[in-house]
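A.B. asks: quick one: sequence plus predicted model below, questions after.
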Amino acid sequence: MKKLLLVVLAAAVFSCGDDKKNAKTDMKSTPAMEEKAAPEEPMADSNVAVIVIEGNDQMKYNKSEIRVKAGQTVKLTLKHVGKMKKMVMGHNWVLLQQDADIAAVGKAGAIAGANDYIPTDMSDQIIAHTKMLGGGESDTIEFEAPAPGTYTFMCTFPAHYALMQGTLIVE
């Protein structure tokens with residue numbers, strides 16, 4: 001009787017292990033399933049606006065409007081989610097002063113390749129900017145949100161400003 005009980009218990013233990021093994025084998029694993037639980041995010045700081053904006057190979061940002069509060073620290077990350085290299089389809093994010101001439105900055109940027117397409121002679125028109133990125137790259141900058149108002153942001157890679165621009169609304 002004891003032998004029979006041991007055999008039944010052993011069979012139950014081994015069959016349960018096999019089911020778990022088969023269940024793991026049958027399920028297709030995804031990267032999200034394999035990742036460990038992410039650590040908890042720190043409490044949000046109302047004095048910091050965290051912004052993520054993407055540029056793609058179709059010369060578009062995924063956001064045309066961003067809202068922040070005056071005086072807030074803005075932590076902005078630009079992600080180039082395309083695949084093309086910087087020299088072919090580079091993107092940056094440039095925030096202009098309210099009175100800046102968008103076309104003039106765009107044209108000057110187009111010929112400023114040696115300076116990542118940031119026109120040094122128009123630095124008084126620029127509040128903040130990321131570096132120029134190629135596909136798969138990202139850059140994070142921090143700056144203080146300017147006075148309340150509406151500001152233009154744009155990409156200064158040659159000819160991109162016509163499509164890649166939006167507004168930063170400071171409340």
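C.D. replies: Received, thanks.
A.B. asks: beyond the worst-scoring helix or strand of the chain on mean pLDDT, next helix or strand please.
C.D. replies: When each helix and strand of the chain is scored by mean pLDDT, DSSP states H and E, helix 31-34 comes last, with a mean of 39. Going down the chain from helix 31-34, the next helix or strand is strand 48-55, by DSSP states H and E.
A.B. asks: can you name every helix or strand that that next one contacts?
C.D. replies: Packing partners of strand 48-55 (3 or more C-beta pairs under 8 Å, 6 or more residues apart in numbering; DSSP states H and E): strand 65-68, strand 73-80. Every C-beta, even on glycine, is put in place using the N, C-alpha and C of the backbone.
A.B. asks: for whatever helix or strand comes next after the last one, name the packing helices and strands.
C.D. replies: Think strand 73-80. Using DSSP H and E, the helix or strand that directly follows strand 73-80 along the chain is helix 86-89. Packing partners of helix 86-89 (3+ C-beta pairs under 8 Å, 6+ apart): none among the helices and strands.
A.B. asks: state the mean pLDDT of helix 86-89.
C.D. replies: Mean pLDDT, computed over helix 86-89, is 95.
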